[in-house]
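kindly generate the corresponding structure for this input.
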Amino acid sequence: MFSAAPSSPTWSSYDGIDEDVEFSDLIEEGRAAGDADPLRKTLKHALKKIRMISRGAQGAVYSARRLLPASSSPPSSSANDSGNSDMVVAVKRLFHNDGGCYAAQNTIICAEREVMFLKRFASQPKQFPHMIQLLDILHAPARETCVVMEHCSFSLASAAIRAGKRVRDPPWPEKWDSHIVAHVFHEVLVALQELHRAGIVHRDVKLSNVMIRRDGAIRLVDFGSARDVVDAQAAEDMTTSSSSSSSGNATPPAVRTTLLYRSPEGLVGAVPVQHLFAQDSWGAGVVFAELLRGKHLFAAHGELAMINQVFSLIGAPTEESWPEYFHSAVAQSFSFQASPNIIKDKFERLTSASGVDLLSKLLCGNPRERISIHDAINHPYFVEEGVVVSHLTTSDSPRCGGEGSVVEEWSKIVCHADHIQKQQAASGGMSQWTAQNLMQQLLMGGGGGDDDDDDSGDDGVDDRF
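Coordinates of the predicted model:
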């Protein structure tokens, strides 16, 4: 557990306390903005906040400028857009709520997991090149930990999802070419494979937990729900052999996975250890569908509605297709009308037959039959779309220009979006879309689909195509 810190204003560790910001979001409850202590010398390098990006029950994310000493040089990866000692970073504040309530304890558990995995990735960068880079961990004096990470220009959600009934900003193409979709999705799968090879399951795979660096490189974020499968097996064995109904290692489904990306087995009951990796495959399938559609796949606001929407798409389970389902509490309490799998009907005009096949295998209701991330990476779909298994550079310079390859084309698209965004910021015209979506995925995931900004009024999968 993190040690409790003395009570003091939340942002007393940061430069720029008098900037034009919402102090209700920045100052510890019960303390006025004018009561802020002087800047505390607790940081290796000064941080001057730029703006708050997003805030949730478990944390908040800010963009900040890291002012390095003149003798210091930035890390080798692309955390620094300018190439000098004035580095733009992302600061994720993880709240440590006091009290013994269940929600507060799980917030602390998720914060500990986040830091633990980020440290592990930082210590093995060659093994985890697609994970967000940890730069620093700061223990602020207001019962929180601040995690300083590389700054990424966009989230995959903000790049790929059309903004509903609002006017869409110009940086991103209205419709992505099929080979761009294939390339980006392949990079997402490669990132997940890095975790799975190390025995780690992410458990909250979604568009907004995938970041895009300004050079086009993909970064996976938000590891508060992740689990080491070996530890999970030990926890399950302990729980099974104990008369206790709870475990400090267990995470409730509402914290574990965002509702709109939750697997069928996660919706109908607890997920056994042998099916943990299959959860990531399901989440990847939803991401693939959303990249193809340019909008969210589901729009449910409750678990029962979500189950109904899932079965409306993939078909209601049968004794042959998913026998374990009929032992769940949901199956004992509710019955769903028999329905066919309509994935082919809904997606055959959006992708090739091979793409439909891959999507169907990822969105398989029975976790035992669902395709693994490793097998998904090697699916013929990617060869047909011209995806070459080569990873993006980790250099600081964006790879604009060049002709011929899908990687170069993707880099040019991202470079253009980044250029437009910088023009908007320089002119003081940064759009509402940019402010709301930029890196909001760094918040620790919840179970309500908070980041869904699809059309309001959509009630289910059938009328969303």
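
give me the domain ranges for the chain.
Domains of the chain are assigned by automatic domain parsing as 10-151, 154-393+439-464.

can you tell me which of these the model trusts least?
Mean pLDDT across the domains of the chain is lowest at domain 10-151; the value there is a mean of 66.

the protein: strands as residue ranges?
46-55, 59-67, 86-95, 134-140, 144-150, 154-155, 200-201, 210-212, 218-220, 227-228 (DSSP state E).

the last one pairs with which strands, and in what direction?
Looking back up the chat, that one is strand 227-228. Sheet pairing here is set by DSSP bridges, and for strand 227-228 it gives strand 200-201 (antiparallel).

ok, now the fifth one?
Applying DSSP bridges, strand 144-150 is found paired with strand 86-95 (antiparallel), strand 134-140 (antiparallel).

adding distance to residue 181 and mean neighbour count, write the ones you listed out as a markdown table.
From N, CA and C alone the C-beta is placed, and that goes for glycine too. Below are the strands paired with strand 144-150 laid out as a markdown table (distance: least, CB to CB, whole Å; neighbours: other CB atoms under 10 Å):
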| stretch | distance to residue 181 | mean neighbour count |
| --- | --- | --- |
| strand 86-95 | 26 | 22 |
| strand 134-140 | 30 | 19 |
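
could you dump those strands to JSON lines with distance to residue 59?
JSON lines is the format used below for the strands paired with strand 144-150 (distance: least, CB to CB, whole Å):
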{"stretch": "strand 86-95", "distance to residue 59": "5"}
{"stretch": "strand 134-140", "distance to residue 59": "12"}
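
to residue 282, which of the ones you listed lies closest?
strand 86-95 (25.9 Å; CB to CB).

quick one: the helices in the stretch 101-250 of the chain, in order.
102-123, 156-160, 178-197, 229-241 (DSSP state H, counting those that start in this stretch).

just say which of the ones you listed is most tucked in.
Among those, helix 156-160 has the highest mean neighbour count (mean count of other CB atoms under 10 Å), at a mean of 24.

counting by contacts, list what it packs against.
Packed against helix 156-160 by the contact rule (3 or more CB pairs under 8 Å, 6 or more residues apart in numbering; DSSP states H and E) you find helix 178-197, strand 210-212, helix 276-293, helix 432-437.

same thing but 10 Å
Applying 3 or more CB pairs under 10 Å, 6 or more residues apart in numbering; DSSP states H and E, one finds that helix 156-160 contacts helix 178-197, strand 210-212, helix 276-293, helix 406-426, helix 432-437.

hmm, back to that, output the helices of the stretch 101-250 of the chain as CSV; include the columns distance to residue 131.
Listed next are the helices of the stretch 101-250 of the chain as CSV, based on distance: least, CB to CB, whole Å:
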stretch, distance to residue 131
helix 102-123, 4
helix 156-160, 15
helix 178-197, 7
helix 229-241, 17
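
quick one: closest of those helices to residue 283.
Set against residue 283 and scored by CB to CB, the helices of the stretch 101-250 of the chain come closest in helix 178-197, at 8.6 Å.

next, the angle from that closest one to helix 276-293.
170 degrees (axes from the mean of the first three to the mean of the last three CA atoms, to 10 degrees).
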